[in-house]
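Peer 1: Got a predicted structure here, sequence first:
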Amino acid sequence: MFDHPSFDRHERVVFAHDAATGLHAIVAVHSSARGPAAGGCRFWHYNSTQDAVADALRLSRGMSYKNAMAGLPLGGGKAVVMLDTHRPKTPAMLEAFGRFVDSLQGQYITAEDVGASVADMEIVAGQTRYVSGLPRTAVTSDGNPSPKTALGVYLGIKAAVKFRLKKDELRGLTIAVQGLGGVGYELCKLLAADGAKLRVADVREAVTQKAATQFGAVVSSPDGVLFERADVIAPCALGAVFDANSISKLQAPIVAGAANNQLATAQDGARLHSAGVLYAPDYVINAGGIISVGREYLGGATAESILAEIHRIPVRLTEIFTRSSATNRPTSELADEMARQLLAEAR
Ligand code: NAD
């Protein structure tokens, strides 16, 4: 583990196996310097344990950076649950996962990520109190982080458009969205309401057809959508979509989307910069959901104060864009530097 390429001084990496339910889960706590390590749980069909470990290591570090940049008093962690056809997600497996989270005694706080729903977190909450993203019980939140993430991404896209294209409005601009899940579809709603022209792709045909009907979106292919001639590309599916090959085929001046870990390697941020693409660092632009579930967990926030925090995302992004343009350095590098600085101060 200590020699793993994605190991970054993680505090803990814990594996759980529950024979009765088939649970194979990994929790990675990257940093608890700023508070309990918060980050969602991903339920996914991984090709190998190595892939799952790499995902947990990378995603948990991303959460440390995201929570620090969002100004939350939370550290960074992430859980992954390895599903396969013989080990589908079941209520019993979710309960076993809840007991696993509980055994960490609050060092890790879980919530939804890809493959998890509010209903799933309710089951987890039957076993542990170290969980967020639950149905509305107070005035602060309705649990599901996706619409809040979509709002932050929408505001971030507007900030990027203003910075790069010098436009105050999205009307008439073409925006390509890869992935129409919880976040991507909500994002499309906001973009369409502003008069943006949408190009959309998903591996689920029904959802692209729905977007075509509801928003007049043009349906693109899951692989081709990133290379559309658009003003903005918004990756909202899975990570590692930008590498030397895909960056060389990009035609849009702006990349701003919700997906975690969009860069395959750290060098790809520099590649995007060299290619003249304004990249909104993923963990800065997609912090709306963790702001919502983090505040729900911490307590003491209101719906208004959460919205106000989400509205600070474009401010933070504009600061990064401005620094990048002043220093001719990649936005990804500057964001990493700022996040590491915040973690070092907390340590
Ligand atoms: P989701 O599972 O609801 O949606 C993902 C969508 O992408 C699905 O519709 C899926 O069919 C589609 N998809 C998968 N592979 C694809 C491909 N190759 N091409 C096109 N579409 C593909 O997940 P989500 O909650 O909407 O999250 C989307 C991304 O945003 C993820 O990377 C997630 O980690 C990140 N994110 C989500 C949140 C949140 O609040 N949900 C917060 C921060 C970051």
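Peer 2: Great, that's in hand.

Peer 1: excluding its backbone neighbours, what's nearest residue 226?
Peer 2: Once flanking residues are discounted, residue 226 sits nearest to residue 233: 5.6 Å by CB to CB, 6 or more residues apart in numbering. Bear in mind the C-beta positions are built from the backbone N, C-alpha and C, glycine included.

Peer 1: what pLDDT, on average, does the helix or strand that neighbour falls within get?
Peer 2: If you go by DSSP states H and E, residue 233 is part of strand 232-235. Here strand 232-235 scores 98 as its mean pLDDT.

Peer 1: bridging residues for the residue nearest to residue 226?
Peer 2: Taking DSSP bridges, one obtains residue 176, residue 255 as the residues bridged to residue 233.

Peer 1: count of residues packed around it?
Peer 2: For residue 233, the neighbour count with other CB atoms under 10 Å is 28.

Peer 1: For the stretch 1-150 of the chain, which segments count as helices?
Peer 2: All helices of the stretch 1-150 of the chain, identified by DSSP state H, counting those that start in this stretch, fall at 49-69, 91-103, 118-125, 146-165.

Peer 1: Out of the ones you listed, which is closest to residue 255?
Peer 2: Evaluated over the helices of the stretch 1-150 of the chain, closeness to residue 255 peaks at helix 146-165, with 8.5 Å, by CB to CB.

Peer 1: which stretches of the stretch 1-150 of the chain have low pLDDT?
Peer 2: Along the stretch 1-150 of the chain, the model assigns pLDDT under 70 to residues 137-142.

Peer 1: got the residues of it near the ligand?
Peer 2: Proximity of the stretch 1-150 of the chain to the ligand (CB under 6 Å from any ligand atom) is limited to residues 113-114, 145-146, 149.

Peer 1: residues of the helix or strand where residue 214 lies that come out buried?
Peer 2: Assigned by DSSP H and E, residue 214 belongs to helix 205-215. Neighbour counts over helix 205-215 (16 or more other CB atoms under 10 Å) mark 207-208, 210-211, 215 as buried.

Peer 1: out of the residues you listed, who's near the ligand?
Peer 2: Okay, of the buried residues of helix 205-215 touching the ligand (CB under 6 Å from any ligand atom), that's residue 207.

Peer 1: possible to save the buried residues of helix 205-215 as CSV with pLDDT and distance to residue 181?
Peer 2: Supplementary listing: the buried residues of helix 205-215 in CSV, determined by pLDDT from 0 to 100; distance: CB to CB, whole Å:
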residue, pLDDT, distance to residue 181
207, 98, 8
208, 98, 12
210, 98, 12
211, 98, 12
215, 98, 15
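
Peer 1: which two in the buried residues of helix 205-215 are spaced the farthest apart?
Peer 2: Maximum distance among the buried residues of helix 205-215 (CB to CB): 11.7 Å, for 207 and 215.

Peer 1: Spatially central residue for this structure, please.
Peer 2: residue 260 (4.1 Å; CA atoms, centre = their mean).

Peer 1: Hmm, that one is touching residue 282, no?
Peer 2: Yes: the criterion here is CB atoms under 8 Å, and residue 260 meets it with residue 282 at 5.9 Å.

Peer 1: can you list residues touching both of these two?
Peer 2: residue 62 (CB atoms under 8 Å, 6 or more residues apart in numbering).

Peer 1: if we can go back for a sec, any chance of JSON lines for the helices of the stretch 1-150 of the chain, columns distance to residue 195 and mean neighbour count?
Peer 2: Shown next, in JSON lines, are the helices of the stretch 1-150 of the chain (distance: least, CB to CB, whole Å; neighbours: other CB atoms under 10 Å):
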{"stretch": "helix 49-69", "distance to residue 195": "30", "mean neighbour count": "23"}
{"stretch": "helix 91-103", "distance to residue 195": "41", "mean neighbour count": "20"}
{"stretch": "helix 118-125", "distance to residue 195": "31", "mean neighbour count": "19"}
{"stretch": "helix 146-165", "distance to residue 195": "12", "mean neighbour count": "24"}
